[in-house]
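# I would like the atomic coordinates for the input below:
(chains A, B, C and D)
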There are 2 protein chains.
Amino acid sequence: MATTPTFMTGVPELLVLRLLQDREMYGYEIVAAVAEATSQVVTPKEGVIYPLLHALEREGLLRTQRQPVGGRTRVYYGLTSRGVRRLFDLSDDWSRMARAIQQVLRGPTRTV
Amino acid sequence: MATTPTFMTGVPELLVLRLLQDREMYGYEIVAAVAEATSQVVTPKEGVIYPLLHALEREGLLRTQRQPVGGRTRVYYGLTSRGVRRLFDLSDDWSRMARAIQQVLRGPTRTV
DNA sequence: TTTTATACCTATCGAAAATAGGTATACATA
DNA sequence: TATGTATACCTATTTTCGATAGGTATAAAA
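The predicted model follows:
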């Protein structure tokens, strides 16, 4: 009842890093932003996003900033320089992966 | 020491199904074929490929045919009709995924 | 004779997403 | 007033699946 669905490994991390490159956001906001940015194709819930944010912060890829807003507290996340580098690395990994798969799906290019 | 690396979930399954669409192959051959077809970008070893083949056969997506070749026995795998359908489904899943990610990586298209 | 290539196999581990909860405040509505 | 919904945070547990690291056995090459 808790499948790791196809092609999802690493995707939440890549998308979160990419979205935070544009602007700082808080967790609850990120959940909605990921869904919106992917046109509902990728929709990781809080149970995925929060642990991910905590892990990325622990690794020094994200930095936080608590901000009280109308009685509640928002935890804003932003990229560190190491986070930016990781985003680049992950993007490259994904591009290589995507190119390799597309290559196979299209089939062998016959040079005859 | 056994990481599930980024962007790999479901990829061996997709690639194996796609390669078997072209022609029947045996396990050991598939290991090399996947690496070759992806220009060494994706190189799942026997420990990944064999359990995968067994699972796909159990699910009725692949059918086998044992063939003795020079003292050794090769187990050839071929797609069933359900395997073909699964290949189409997986390909679609991957395309949707890839398009969604590319969309995010490129950033928002400003309509202003 | 020993090593390398071929050809099959399995057990165990770790990582990561999904599920399914839980806490607490603000606000709208019945 | 009470109830429900949206906001905003969190964690524990489960499952899956690729990776590692073995193992067996034959054929061919060094």
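# quick one: low-confidence parts of chain A?
Across chain A, the ranges flagged by pLDDT under 70 are A:1-3, A:109-112.
# where do the strands sit along it?
Assigned by DSSP state E, the strands in chain A fall at A:25-26, A:62-69, A:72-79.
# Name the residues that touch the last one?
To tie it back to what came earlier, the one meant is strand A:72-79. If you take C-beta atoms under 8 Å, 6 or more residues apart in numbering or on different chains as the criterion, strand A:72-79 is touched by A:17, A:20-21, A:24-30, A:53, A:56-57, A:61-68, A:87. The way it works is simple: take the backbone N, C-alpha and C, and place the C-beta from them, glycine included.
# rerun at 6 Å
Strand A:72-79 is contacted from outside by A:20, A:21, A:24, A:26, A:53, A:62, A:63, A:64, A:65, A:66, A:67, using C-beta atoms under 6 Å, 6 or more residues apart in numbering or on different chains.
# Name the residues of chain A found near chain B, please.
A:4, A:6-10, A:15, A:18, A:37-38, A:41-42, A:93-94, A:96-98, A:100, A:104-105 (C-beta under 6 Å from any C-beta of the partner chain).
# Give the ChimeraX command for selecting the buried subset of those residues.
Burial among those is assessed by 16 or more other C-beta atoms under 10 Å in any protein chain shown; the matching ChimeraX selection reads:
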select /A:6,7,8,9,10,15,18,37,38,41,42,93,94,97,98,100,104,105
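# And the lengthiest helix in chain A, how far out from the chain middle?
What stands out as the longest helix in chain A, according to DSSP state H, is helix A:81-106. Counting by C-alpha atoms, centre = their mean, to the nearest Å, helix A:81-106 is centred 13 Å from the centre of its parent chain.
# okay, the angle between it and strand A:62-69?
110 degrees (axes from the mean of the first three to the mean of the last three C-alpha atoms, to 10 degrees).
# which secondary structure elements does helix A:81-106 contact?
Secondary-structure packing of helix A:81-106 (3 or more C-beta pairs under 6 Å, 6 or more residues apart in numbering or on different chains; DSSP states H and E): helix B:11-22.
# Mind listing what's buried along the helix it packs on?
Applying 16+ other C-beta under 10 Å to helix B:11-22 flags B:11, B:12, B:13, B:14, B:15, B:16, B:17, B:18, B:19, B:20 as buried.
# Pull the most distant pair out of these.
Across these, the longest distance by C-beta to C-beta is 14.9 Å; it joins B:11 and B:20.
# Is stretch A:73-86 positioned near DNA strand C?
No. Residues of stretch A:73-86 contacting DNA strand C under C-beta under 7 Å from any atom of the strand: none, with a closest distance of 9.0 Å.
# and that stretch, how far from the chain's centre?
Relative to its chain's centre, stretch A:73-86 lies at 12 Å (C-alpha atoms, centre = their mean).
# Any idea how far apart the tips of that stretch sit?
28 Å (C-alpha to C-alpha, to the nearest Å).
# by how many degrees do the longest helix of chain A and helix A:11-22 diverge?
Per the same axes, to 10 degrees, the angle that helix A:81-106 makes with helix A:11-22 is 130 degrees.
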